[in-house]
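*Asks:* predicted model and sequence below, questions to follow.
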Amino acid sequence: MPQYRDLTRARSLIAPVPDFPEEGVVFQDVMPLLTDPVALRSCVKEMLAPFMGRFDVVAGLEARGFLLAGAAAMVADVGMVPIRKAGKLPRPAAEASYDLEYGQATVEVQADVAPGSRVLVLDDVLATGGTLSAAHEVLRSIGCEVAGSAVLLEIPSLGGRTRVPDVHAVFAG
Ligand SMILES: O=P(O)(O)OC[C@H]1O[C@H](OP(=O)(O)OP(=O)(O)O)[C@H](O)[C@@H]1O
Ligand SMILES: Nc1ncnc2[nH]cnc12
């Protein structure tokens, strides 16, 4: 499979969608990037690179974070913990609520990973940072250590980095 470190084409595959899911929001749609095998592989490796050897498991945020975390788990040869929207997990052990650009949400996690595990948290987009900081909260509640966070795209104007200062973003803007 071809590999390239030039991520310019991968960036061009994130599609801005005006007025979704509500008027005034420009939704950053990563689905076209996920359909491209070279872009997907390059971006997942780029998300993992600063953290290699420093985590035991990856966590993915519902819904698009699941897709990246599944791919990342295979690349890094680790397991994957899903962090889900409230009411979807049969054995929730911790929950946290937060605001985001277009509403409010609660996430939950199961205590299926050993306490003390170092978890790398992955998602597609950093906007206000509410989702990632809630993910950190539930992981710590079940005794995990947050090894770091990585996203495909940071939207700097929404200020998420103030809540999650050390997030690694493949793309910004
Ligand atoms: O930084 P924040 O302001 O928290 O926003 C980022 C989150 O928003 C989007 O998910 P969304 O809540 O739309 O959920 P979905 O993936 O289930 O559609 C995105 O996939 C991130 O998870
Ligand atoms: N503009 C945006 N695009 C994609 N996901 C988001 N989550 C919050 N704001 C978003």
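*Replies:* It's in. Ligands and ions are numbered 1, 2, ... in the order given.
*Asks:* backbone dihedrals for Ser42, please?
*Replies:* When read as degrees, to the nearest 10, the backbone of Ser42 gives phi -60, psi -40.
*Asks:* contacting residues for the closest residue in space to Gly159 that isn't next to it in sequence?
*Replies:* Closest residue to Gly159 apart from its sequence neighbours, by Cβ to Cβ, 6 or more residues apart in numbering: Thr128 at 6.5 Å. Placement of C-beta: from N, CA and C, glycine included. Taking Cβ atoms under 8 Å, 6 or more residues apart in numbering, we find Thr128 in contact with Asp99, Leu100, Glu101, Leu158, Gly159, Gly160, Arg163.
*Asks:* per-residue pLDDT, the first one?
*Replies:* According to the model's per-residue confidence, Asp99 sits at a pLDDT of 90.
*Asks:* for the residue lying closest to it once chain neighbours are set aside, what are its contacts?
*Replies:* Excluding the flanking residues, the one nearest Asp99 by Cβ to Cβ, 6+ apart is Gly130, at 5.4 Å. Contact analysis of Gly130 by Cβ under 8 Å, 6+ apart lists Tyr98, Asp99, Leu100, Ala105, Gly160, Arg163.
*Asks:* hmm, back to that, which of the contacts of Thr128 sit farthest apart?
*Replies:* Between any two of the contacts of Thr128, the greatest separation by Cβ to Cβ is 13.0 Å, found for Glu101 and Arg163.
*Asks:* could you give the number of residues near Ala59?
*Replies:* Residues contacting Ala59 under the criterion other Cβ atoms under 10 Å number 31.
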